[in-house]
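Undergrad: need coordinates for the following:
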Amino acid sequence: MDNIYNIDNRDNIMNFVEDITNERDTELFLDLLSTHSPITLNKIELNGDWRITKKILHKFLENWNSRKELGLEMNICALGFFQDCSKILKEYTDKGVLKKFSYE
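TA: All right, here's what the predicted structure looks like:
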């Protein structure tokens, strides 16, 4: 069966992650992560030049909230990220979706 994202093995996934340079790819990756990751995944660290907008973050956390029972720990390294997304992060921390959050 074909994967709708054209990511069918570990090597392709790693190549895809390394090549993420725009908002569309960031959104696609976070969609995959929030809908296809193991239920036991509860820590995520994103380093590098991630293009995470408020819309993308909100969608990811909504997807995560609808399928995960474990609070998520996130560390994101992205220039200017926290100022743009601080209200969303507080909202999902208050809801218990985010257990711990840090940024650099």
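
Undergrad: and the pLDDT at residue 73?
TA: Note on residue 73: pLDDT of 83.

Undergrad: name the helix or strand for residue 74, please.
TA: strand 72-76 (DSSP states H and E).

Undergrad: sorry, slip of the keys, the one I care about is residue 30.
TA: Per DSSP H and E: helix 23-36 holds residue 30.

Undergrad: and that helix, what does it pack against?
TA: In this structure, helix 23-36 makes packing contacts with helix 10-18, helix 54-67, judged by 3 or more C-beta pairs under 8 Å, 6 or more residues apart in numbering; DSSP states H and E. C-beta: built from backbone N, CA, C; applies to glycine.

Undergrad: rank the ones you listed by pLDDT, which is bottom?
TA: helix 10-18 (a mean of 51).

Undergrad: and the average pLDDT for the next helix or strand after the helix holding residue 30 is what?
TA: Counting by DSSP H and E, the next helix or strand C-terminal to helix 23-36 is strand 43-46. For strand 43-46, the mean pLDDT works out to 83.

Undergrad: now do stretch 28-36
TA: 87.

Undergrad: list the buried ones in that stretch?
TA: 28, 29, 30, 32, 33, 34 (16 or more other C-beta atoms under 10 Å).

Undergrad: tabulate those residues (JSON lines), appending distance to residue 75.
TA: Putting those into JSON lines (distance: C-beta to C-beta, whole Å) gives the following:
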{"residue": "28", "distance to residue 75": "21"}
{"residue": "29", "distance to residue 75": "16"}
{"residue": "30", "distance to residue 75": "15"}
{"residue": "32", "distance to residue 75": "19"}
{"residue": "33", "distance to residue 75": "14"}
{"residue": "34", "distance to residue 75": "17"}
